[in-house]
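>>> okay, sequence plus prediction incoming.
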Amino acid sequence: MALIESIKIPLGTTIPSFSLPDPSGKLYSTDSLFAERGLLVVFTCNHCPYAQALWPRVIRLADYAKGMRVGVAAINPNINPDFPDDSSDKMKEFIIRMSIIFPYLVDTDQSVAKLFKAQCTPDIYLFNKNKELVYHGRIDDNWKDEEAVTREDLKEAMNNMVSGLSQERRQYPSMGCSIKWVLKD
């Protein structure tokens, strides 16, 4: 698995509008996913070792976000016949196995990933109540070993957003496997 980093997206960028289904077919729109104070969007998948290492943290952060009245959605852009572990059926199993209680959506044609300029799994975006990007970066400073984490960048960004504090200008990119783009003829 080739390591790739998220690209820099200007803070203040407005969230793209989208509508995506979960693996059971229930549709979610940008507006329906937003909570009172904002929305956390995580592009991720089932099979990537970087995503797998961070899924437990994403799930805990989603619970933390809910308590802060911030919505959460995960989006799987790796619906690619070459990666069957990321199929909708496998997503259903993954949701149950991991006890995911927030929408885990299917980006079948990868159009939403392209709108966001997502590059890797995971690729993390935090938007405020005005639908402006306030954070785009890593979850914390050690994806490999949660016990060795010394800085929780995403949690700090959520706290700053909810408290009305300015965000740290230096945001470290997320990193993971590249999105498995389906090439069109």
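Everything's here; your move.
>>> so what touches stretch 139-158?
With contact meaning C-beta atoms under 8 Å, 6 or more residues apart in numbering, stretch 139-158 is reached by 40, 50, 53-54, 56-58, 61, 64-65, 68, 70, 122, 124, 126, 134-135, 137-138, 167-168, 171-172, 174-176. No exception for glycine: its C-beta is placed from N, CA and C like everyone else's.
>>> sorry, slip of the keys, the one I care about is stretch 51-59.
For stretch 51-59, the external contacting residues (C-beta under 8 Å, 6+ apart) are 42, 44-46, 74, 98-100, 121-122, 139-140, 143-144, 146, 176-177.
>>> which among those residues count as buried?
Burial by neighbour count, judged by 16 or more other C-beta atoms under 10 Å, picks out 42, 44-46, 74, 100, 121-122, 139-140, 143, 176-177 from these.
>>> among the residues you listed, show me the least confident.
Across the buried ones among the contacts of stretch 51-59, the smallest pLDDT goes to W143, namely 86.
>>> backbone phi and psi for that residue, please?
Per-residue torsions, W143: phi -70, psi -30 (degrees, to the nearest 10).
>>> I'd like to know how far it sits from W55.
According to C-beta to C-beta, to the nearest Å, W143 and W55 sit 11 Å apart.
>>> cool, and V106?
17 Å.
>>> repeat for V42
Distance from V42 to W55, by C-beta to C-beta: 9 Å.
>>> before we move on, back to that, show me which pair in the buried ones among the contacts of stretch 51-59 is furthest apart.
N46 and D140 (21.0 Å; C-beta to C-beta).
>>> in this protein, which spans are helices?
For the chain, helices defined by DSSP state H occupy the ranges 30-33, 49-67, 88-98, 111-116, 153-163.
>>> tilt between the longest one and helix 88-98?
Regarding helix 49-67 and helix 88-98, their directions subtend 60 degrees when assessed with axes from the mean of the first three to the mean of the last three C-alpha atoms, to 10 degrees.
>>> quick one: helix 49-67 to chain centroid distance?
9 Å (C-alpha atoms, centre = their mean, to the nearest Å).
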